[in-house]
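Q: Quick one, structure for this:
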Amino acid sequence: MSAWSPKNHGIVTLDGEWHFAWNRELEPQAIDAIWAQPLGHIQVSQAWNDQYLTNESPAPLPGQGFGTYLLRIKLPDIDSGSLSIAIPPAANAASYFVTDTQGNLLTSIAQQGQIGQR
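A: Below is the predicted model of the structure:
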């Protein structure tokens, strides 16, 4: 998205491959610290059930559990005005954060429910 222009390209969906930390609730932190951790990859816009974190995973992910989805978005250095993220309703508890590259919390976008016992 580093060449994306809101005027020329409009709305973008963020479906596709995201980083995923299974059974870990990662707090906002510096980007380098996050990417230094072992992370898997799963397809977003479908349930994690039956997805494999890596090609070497011995079994697919189960239906119950928790995890942290991570996506790095590099926007162009332009004054794009106000940007927004539309989050469809989720059937599970979730928190959404936006941080800068140093891990400073820019905003907590939304939260629904509470993550259960781990």
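
Q: Any idea how many residues pack against Gly10?
A: When counting by other CB atoms under 10 Å, one arrives at 8 neighbours for Gly10. Where you see a C-beta, it was placed from the backbone N, CA and C, and this is true even at glycine.

Q: ah, wrong one, I meant Ser84
A: Close neighbours of Ser84, defined as other CB under 10 Å, add up to 7.

Q: Could you tell me the phi and psi values at it?
A: phi -140, psi 160 (degrees, to the nearest 10).

Q: what about the strands in this structure?
A: Remark: strands assigned in the chain by DSSP state E are 16-22, 40-44, 67-70, 94-99, 105-112.

Q: Next, format those as TSV and append distance to Pro88 and mean neighbour count.
A: As requested, the strands of the chain are exported to TSV (distance: least, CB to CB, whole Å; neighbours: other CB atoms under 10 Å):
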stretch	distance to Pro88	mean neighbour count
strand 16-22	15	16
strand 40-44	11	16
strand 67-70	14	17
strand 94-99	11	15
strand 105-112	11	12
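
Q: Mean pLDDT and distance to Ser84 for the ones you listed - can I get that in JSON lines?
A: Formatted as JSON lines, the strands of the chain follow (pLDDT from 0 to 100; distance: least, CB to CB, whole Å):
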{"stretch": "strand 16-22", "mean pLDDT": "90", "distance to Ser84": "19"}
{"stretch": "strand 40-44", "mean pLDDT": "90", "distance to Ser84": "18"}
{"stretch": "strand 67-70", "mean pLDDT": "86", "distance to Ser84": "19"}
{"stretch": "strand 94-99", "mean pLDDT": "81", "distance to Ser84": "11"}
{"stretch": "strand 105-112", "mean pLDDT": "77", "distance to Ser84": "9"}
